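Q: Got a sequence here, can you build the structure:
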Amino acid sequence: MQDAQLNIMVLCGGPDRERPVSLESGAQVAEALRQAGHAATCHDVGPADLSALDAWVQKPGDVVFPVLHGSWGEGGPLQALLDARGIRYVGCEVEAAALCMDKHRTKLALVEHNIPTPAFECIERGVGPTLGAPLVIKPLCEGSSIDLAICHDESQVSEAYERLANSPRNHPRNYPRLLIERFVGGKEFTVGVIGPRGQERALPPVHIVPAGAFYDYEAKYHRDDTRYVLDPSQMGVASGVIDALGRVAVEAHCALGCRHLSRVDFIVDEAGRLWVLEVNTIPGFTTHSLLPMAAAHAGLSLPQLVDGLVRLAMDER
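A: Here you go, the predicted structure:
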């Protein structure tokens, strides 16, 4: 960490369904920045209350660190507001943020860049899936596995589709479009990517072993029985697979135009083939979060990690 103190505003909260996670992440980031020697404040921001941004413009500091999860704070609208105000910030710019938030557009971009991802289709309300079970059904723009359904047979497909596509229109679980993805069984991994453009590097892969059926919202943030294997070779994962996870994570990060940081989620099937599932542009920073966990395994403490990220933003312009 460098000696020069920066004045940093951490943004968290927001209007989306991952708001509680964002508030926890924001508090963790702000405290880590203070431990790194910076002056950091933490503000809840949303489309109905932009007072923190307005105050920043009147008396600007050095860098804003958004730690919001969900469509508004992670998917482009907040980034557009920051750009319009000329505010320097950590993380993806508008175009990449919007691309990665939309799971269908992300998959199309991965295919365009020859990055392996499970077969998929995007369906509109009233039009059922054409792919057959087993399937994964996902809302297009939710994170943290919110309303994700793994369907092993056609009856589970019908139940999940009815629940997610045919709820009352003002219900939070009513989605006009859904991503349908071929289910691929195997080991689940995530790989953090950090660094300036042209010098991105992958953090060590984390092998996720949930105690339940899959790595759902409860397993991510509330349960303590999920296993995180920080040395996958101990689980018999070949060194070639470990190396490939890092290489493909960086390829996906760059192909989608990500900046400063991302987290790329994978399945490795029984044949050792890698499949990219999603790319997260504002990974969590809670005590259960995977990017800080991988950074720590690589010898990078949370204060060092967030300090490095704000330094990247300072160097942007």
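Q: Now the helix or strand hosting Gln304: average pLDDT?
A: Assigned by DSSP states H and E, Gln304 falls within helix 302-314. Helix 302-314 comes out with an average pLDDT of 97.
Q: Packing partners of that helix?
A: Under the contact definition 3 or more C-beta pairs under 8 Å, 6 or more residues apart in numbering; DSSP states H and E, helix 302-314 sits against helix 19-35, strand 63-66, strand 187-195, strand 260-268, helix 290-297. For the C-beta atoms, the positions are set from N, CA and C on the backbone; glycine is no exception.
Q: can you redo the ones you listed as JSON lines with distance to Val90, mean neighbour count and mean pLDDT?
A: Shown next, in JSON lines, are those (distance: least, C-beta to C-beta, whole Å; neighbours: other C-beta atoms under 10 Å; pLDDT from 0 to 100):
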{"stretch": "helix 19-35", "distance to Val90": "9", "mean neighbour count": "21", "mean pLDDT": "96"}
{"stretch": "strand 63-66", "distance to Val90": "5", "mean neighbour count": "25", "mean pLDDT": "98"}
{"stretch": "strand 187-195", "distance to Val90": "11", "mean neighbour count": "23", "mean pLDDT": "96"}
{"stretch": "strand 260-268", "distance to Val90": "6", "mean neighbour count": "24", "mean pLDDT": "97"}
{"stretch": "helix 290-297", "distance to Val90": "13", "mean neighbour count": "21", "mean pLDDT": "96"}
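Q: any chance of those in CSV, plus distance to Ile123?
A: Listed next are the helices and strands packed on helix 302-314 as CSV, based on distance: least, C-beta to C-beta, whole Å:
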stretch, distance to Ile123
helix 19-35, 28
strand 63-66, 31
strand 187-195, 25
strand 260-268, 22
helix 290-297, 30
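Q: and of these, who's closest to Pro129?
A: Closest approach to Pro129 among the helices and strands packed on helix 302-314 (C-beta to C-beta): strand 260-268, 19.4 Å.
Q: starting at the chain centroid, how far to the closest one?
A: 8 Å (C-alpha atoms, centre = their mean, to the nearest Å).
Q: Any chance you could give me that strand in CSV, C-alpha atoms only?
A: Below are the C-alpha coordinates for strand 260-268, written out as CSV (Å, rounded to 0.1, in the frame of the first residue of the first chain):
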residue,chain,number,x,y,z
HIS,A,260,-10.5,-3.3,-12.4
LEU,A,261,-12.2,-6.4,-11.0
SER,A,262,-14.7,-9.2,-11.8
ARG,A,263,-15.5,-12.7,-10.6
VAL,A,264,-16.1,-15.5,-13.1
ASP,A,265,-18.2,-18.5,-12.2
PHE,A,266,-17.5,-21.9,-13.7
ILE,A,267,-18.6,-25.5,-13.8
VAL,A,268,-16.0,-28.1,-14.5
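Q: Listing partners with orientation, what would you give for that strand?
A: strand 187-195 (antiparallel), strand 274-280 (antiparallel) (DSSP bridges).
Q: Which residues does the spatially most central residue of the chain form beta bridges with?
A: Note on the chain: the residue nearest the mean C-alpha position is Asn280, at 2.3 Å, using C-alpha atoms, centre = their mean. Counting by DSSP bridges, Asn280 forms beta bridges with Arg263.
Q: re the thing from before, with Asp243 as the reference, name the closest of the helices and strands packed on helix 302-314.
A: Among the helices and strands packed on helix 302-314, strand 187-195 sits nearest to Asp243 (C-beta to C-beta), with 11.1 Å.
Q: what's the angle between that closest one and helix 302-314?
A: 50 degrees (axes from the mean of the first three to the mean of the last three C-alpha atoms, to 10 degrees).
Q: all helices for the stretch 1-150 of the chain, in order.
A: 19-35, 51-58, 71-74, 77-84, 94-101, 103-112 (DSSP state H, counting those that start in this stretch).
Q: Might you calculate how far the last one sits from the centre of the chain?
A: Right, helix 103-112. 15 Å.
Q: Check what contacts that helix and list those residues.
A: Under the criterion C-beta atoms under 8 Å, 6 or more residues apart in numbering, residues 98-100, 116-117, 120, 122, 138-141, 177, 179, 181, 252, 255-256, 276, 278-279 lie in contact with helix 103-112.
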